[in-house]
Every structure is written in C-alpha cells, then in structure tokens.
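[1] Any chance you can model this:
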Amino acid sequence: MTVVLAVVCSDGVVIGADSQITESDRGLSFPAQKLHPLGACAAWGGSGARGVLNDLRPLLEESATAILEAPDIGDELQERVLPVFKKHYKNYIPDVPGEGSGGGVSAYLLVAGYSQGGPWIVEINPNGLIGRYEDVGFHAIGSGAAMAQQAGALLSHFRMTTRAVEYGVVGVVRVLEALERTSPSVGRPFSVACIREEGAHHLDEKEIAKALKDAERWRDLEQEALDRLFD
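    The predicted structure is shown next:
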C-alpha cells in the first residue's frame, strides 16, 4: 500500500508519503523513497508501477524549471508525463503463460508546490487526466488514498487551510501514523516536505521525530478536552 498526501496551509502546502513498497505477487516488502523534489519550490510523489515512476523521476528533475514557470502547471505536467504512460501501456503484456498476475502499469502522480503567487496541488491519474485540489485543500493518492481521505475529512474541522505549514506538517504526519497503525503495508520512515513561497524544505529525521511528538501532544490535548466535555 502506498499513500501520498498533500494539504494546503495559509502560507504554503505540505506533502508527505510513507516509504513501504509491497510486491504482493512476489511476497516482498521493502522501504523506498516516494517523495522527490521538483525544483526549488515543489515536490512530487507517485503510486503504482515502479517502472513508470522510475522513468518519470529523471524526466521531472530535468524539466522542473519549465514545469514551474509554465502558464498552466497541470497542462505542462500532463504534456510531459503522458508519453511515459503511453510507452509503458503500449509495451505492457497483460497475460504471461505460466505466470500469475504481475500487476499493471498504471501510475498516479501527485505534485504540490508554491509558485505564481500561491500554493497548488496537481494530480495526473493513469488516464492522463489532470486534477486540481488547491481549492479543496487536501488530496491523497495510492492504495491507501481512501483511508487518507477519510482521515483528512475527520481532521477538516481543524481548518488547516487557515493555519501555518507547521500545523500542516503535524497533520500530514498524524494521518500517516494513523494509516501505519491500520495497515501493515504502510510503513516508516515518513517523508514530508513543507513548501512556502521562498522554497521547499524536506524534513530530516530529527524534524520528523519532532513532528511525531507534536502529533502525540495534539492527541493528548484532544483527550484532555474530551475529559472536560461534560464538566
């Protein structure tokens, strides 16, 4: 299971991902980096076929400046990503004699950044369609996306879009931690990037550990408030 999620904040956007890769057909599970920088003021994560995502990584790295300076970032991403999708779809062999299902070649892309005066969240789905979610304020992709969306809905009353990215970091980490507890195929280490107008900052291990402690303190404060509810 993979989950990549992003949340818009008052002064930027936060994007995070787990690091667990599961190849169910081979019975393998291992950690891998799922969150990658895109220029100085954006980051991206993907879910689905690793071969597709591996091809996208150098392509996005090389074209980061053109993407971020494009009049429409979604259109620019779509134009660059679609040829990679089509190449893999064209060469995919769905039925191999003597072999079980080897999975598909579909992949999702979630990109978040701050440019052209504000934060944005763009998804490119396996059909090549563009999704924009900065107005929604939250989005997730991956096999764990449905649970992440539910967790995001449960946290919506905290109004993350009105709070600074420090709150967004703790919110993203809290969702990832909740998914880790409910699914054995979501695992650490977590990757998180907070992106403001001045640029993207990818959290190191110490900063992730602090965010986890902040999330724990958040839960404790909620418990105290609930304890006093009927006082």
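[2] Can I get the strand ranked longest in the chain in CSV? Just the C-alpha atoms.
    The residue-count maximum for a strand in the chain (DSSP state E) belongs to strand 107-115. Below are the C-alpha coordinates for strand 107-115, written out as CSV (Å, rounded to 0.1, in the frame of the first residue of the first chain):
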residue,chain,number,x,y,z
ALA,A,107,0.6,5.1,-12.0
TYR,A,108,-0.7,8.2,-10.3
LEU,A,109,1.3,11.4,-9.8
LEU,A,110,0.7,13.9,-7.1
VAL,A,111,2.6,17.2,-7.2
ALA,A,112,2.4,20.1,-4.8
GLY,A,113,4.2,23.4,-4.8
TYR,A,114,4.1,27.2,-4.3
SER,A,115,4.5,29.4,-7.4
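[3] could you point out which element follows it?
    strand 118-124 (DSSP states H and E).
[4] Against which helices or strands is that following strand packed?
    Helices and strands touching strand 118-124, by 3 or more Cβ pairs under 8 Å, 6 or more residues apart in numbering; DSSP states H and E, are strand 4-9, strand 12-17, helix 73-91, strand 107-115, strand 130-132, strand 138-141. All C-beta atoms are positioned from the backbone trio N, CA, C, and that covers glycine.
[5] burial of the closest residue to Ala42 other than its chain neighbours, as a residue count?
    With sequence-adjacent residues excluded and distances taken as Cβ to Cβ, 6 or more residues apart in numbering, Ala42 is closest to Gly113, at 2.8 Å. When neighbours are defined as other Cβ atoms under 10 Å, Gly113 has 30 of them.
[6] now Glu222
    11.
[7] Helix, strand, or coil at it?
    Taking DSSP: H, G, I helix; E, B strand; the rest coil as the rule, one finds Glu222 in the helix state.
[8] For Glu177, see how far away it is.
    Remark: distance between Glu222 and Glu177 (Cβ to Cβ, to the nearest Å) = 14 Å.
[9] what does Pro119 give?
    With Cβ to Cβ as the criterion, Pro119 and Glu177 are 23 Å apart.
[10] out of the two, which sits in the busier spot?
    More crowded of Pro119 and Glu177, by other Cβ under 10 Å: Pro119, with 27 against 19.
[11] Leaving out the residues flanking it, which one is nearest to the more buried one?
    For Pro119, the spatially nearest residue (Cβ to Cβ, 6+ apart) is Val13, at 3.9 Å.
[12] what do you get for Gly51?
    His88 is the one closest to Gly51 (Cβ to Cβ, 6+ apart), at 6.4 Å.
[13] Thought Asn54 was touching that neighbour, still the case?
    No: using Cβ atoms under 8 Å, His88 is not in contact with Asn54; the gap is 10.5 Å.
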